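*Asks:* kindly return the folded structure for what I paste below:
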Amino acid sequence: MLLAAENLSKRYLRKSAQSNFFYAVQELSLSLDEGSFTALTGRSGSGKTTLLCMLSGLLKPDEGRVTLDGKDLYALCDRELSLFRNRAIAFIPQKANLVPSLNVLENILLPASLYKGAADAKRAQELMEALDIAPLQSARPFELSGGETRRAAIARALLAKPGIILADEPTGDLDDENTKTVLTLLAQAAGDGAAVLMVTHDPLASAAAQRRLVMNAGRLTDED
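*Replies:* This is a model prediction of the structure:
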């Protein structure tokens, strides 16, 4: 499975300034191959999250296109894009966005249940155990710490073994032990054939990746 961005740009209007808009991402091309594990670093405000949202089908670019196995994501209608994204792409946002009315297990199973039918409860249990949240499976999101909420969101994203994993600061509020667990799971996903792109400010997380990219002022460079 190949995810590719071609000449991707995203700009936003300014209310008052010398220029009436600014580029969050500008003229950027990137490809993610099967089995790859890539870290994306850069200062806050450099466009990393904007890029991840465009790659995941959540934010339409102003120029360029995003293709997955040759299919243009933004040429799809909303329903087709939602279905395609659910089947092929896992997005781990900075904010976990768990459903407040559901418990931890129900939150983890929810996306896989929407379009795919019965979710894999056994795998959910394995992921919860690996991430040390199995005792919390009946808890509601308001009962969780920030790190526990983060780990539940990671389990939810990894449940269906997606071909593309886009993770925005997945270890940002985790201790060293849980950071290593999450990095191991992401590396295993890449080893199983997924393309993993992880935004991070954590040197430990960056060092775990096979490839390191740097973003600055909306432009991308290869650290290596």
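
*Asks:* the spatially closest residue to residue 153 that is not a sequence neighbour: neighbouring residues, count only.
*Replies:* The spatial neighbour of residue 153 that comes closest, neighbours along the chain excluded (Cβ to Cβ, 6 or more residues apart in numbering), is residue 96 at 3.7 Å. C-beta coordinates here come from the backbone N, C-alpha and C atoms, glycine included. Using other Cβ atoms under 10 Å, residue 96 has 20 neighbouring residues.

*Asks:* what pLDDT does residue 96 get?
*Replies:* With respect to pLDDT, residue 96 scores 82.

*Asks:* how close does it sit to residue 6?
*Replies:* In this structure, residue 96 and residue 6 are 31 Å apart, going by Cβ to Cβ, to the nearest Å.

*Asks:* for residue 53, same thing?
*Replies:* 17 Å.

*Asks:* quick revisit: for the residue nearest to residue 153, which residues are in contact?
*Replies:* Residue 96 makes contacts with 141, 149, 150, 152, 153, as judged by Cβ atoms under 8 Å, 6 or more residues apart in numbering.

*Asks:* between the residues you listed, which sits nearest residue 169?
*Replies:* The shortest approach to residue 169 among the contacts of residue 96 belongs to residue 150, at 9.0 Å (Cβ to Cβ).

*Asks:* so where does the closest one fall, helix or strand?
*Replies:* Using DSSP states H and E, the element containing residue 150 is helix 146-158.

*Asks:* likewise for residue 66?
*Replies:* For residue 66, the host element (DSSP H and E) is strand 63-68.

*Asks:* what do you get for residue 12?
*Replies:* Here residue 12, judged by DSSP H and E, is contained in strand 3-13.

*Asks:* let me see the mean pLDDT of that strand.
*Replies:* What strand 3-13 shows for mean pLDDT is 93.

*Asks:* buried residues, it. List them.
*Replies:* Of all the residues in strand 3-13, those buried under the rule 16 or more other Cβ atoms under 10 Å are 3, 4, 5, 8, 9, 10, 11.

*Asks:* same thing with stretch 68-85?
*Replies:* Applying 16+ other Cβ under 10 Å to stretch 68-85 flags 68, 73, 81, 84, 85 as buried.

*Asks:* can you pull the contacts of residue 24?
*Replies:* Residue 24 is in contact with 10, 11, 12, 47, 50, 218, counting by Cβ under 8 Å, 6+ apart.

*Asks:* identify the bridge partners of the third one.
*Replies:* Spelled out, it's residue 12. Beta-bridge partners for residue 12, by DSSP bridges, are residue 22.
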